[in-house]
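S.K.: give the three-dimensional model of this entry:
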Amino acid sequence: MPYTEEQLIKLRGYYKSLVGQRELLAELVRERQLTVFEPQFRVLANEISEAQWKFPELLPMLIESAMS
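M.R.: Predicted coordinates for the structure are as follows:
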């Protein structure tokens, strides 16, 4: 499915944001902080949910209850 230039810009933004979240989580692991607290999780979950809503064919559903 071809995407418009506007959609590609949005996708790149989501990608960069999610890569940044991954780097933050990796830093927590390096610091041996193995628990992700609600505010940290909410930022990631909101970003994924928004991307899923706009591009459902690209991301699997985030099942938040499976994360606890």
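S.K.: what's the helix or strand encompassing residue 50 packed up against?
M.R.: With elements delineated by DSSP states H and E, residue 50 resides in helix 38-54, which encompasses its position. In this structure, helix 38-54 makes packing contacts with helix 5-30, judged by 3 or more CB pairs under 8 Å, 6 or more residues apart in numbering; DSSP states H and E. Heads up, the C-betas are built off the backbone N, CA and C, glycines and all.
S.K.: which helix or strand in the chain has the lowest average pLDDT?
M.R.: When each helix and strand of the chain is scored by mean pLDDT, DSSP states H and E, helix 38-54 comes last, with a mean of 89.
S.K.: next, the angle from it to helix 5-30.
M.R.: For helix 38-54 against helix 5-30, the angle between stretch directions is 150 degrees (axes from the mean of the first three to the mean of the last three CA atoms, to 10 degrees).
S.K.: CA-only coordinates of helix 38-54 in CSV, if you can.
M.R.: In CSV, the C-alpha atoms belonging to helix 38-54 read as follows (Å, rounded to 0.1, in the frame of the first residue of the first chain):
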residue,chain,number,x,y,z
GLU,A,38,3.3,4.0,35.0
PRO,A,39,4.4,7.4,33.6
GLN,A,40,7.2,5.8,31.6
PHE,A,41,4.9,3.1,30.3
ARG,A,42,2.1,5.5,29.5
VAL,A,43,4.3,7.6,27.2
LEU,A,44,5.3,4.4,25.2
ALA,A,45,1.7,3.0,25.2
ASN,A,46,0.2,6.2,24.0
GLU,A,47,2.7,6.5,21.2
ILE,A,48,2.1,2.9,20.1
SER,A,49,-1.7,3.3,20.4
GLU,A,50,-1.7,6.5,18.2
ALA,A,51,0.5,4.8,15.6
GLN,A,52,-1.8,1.8,15.6
TRP,A,53,-4.9,3.9,15.2
LYS,A,54,-3.4,5.7,12.2
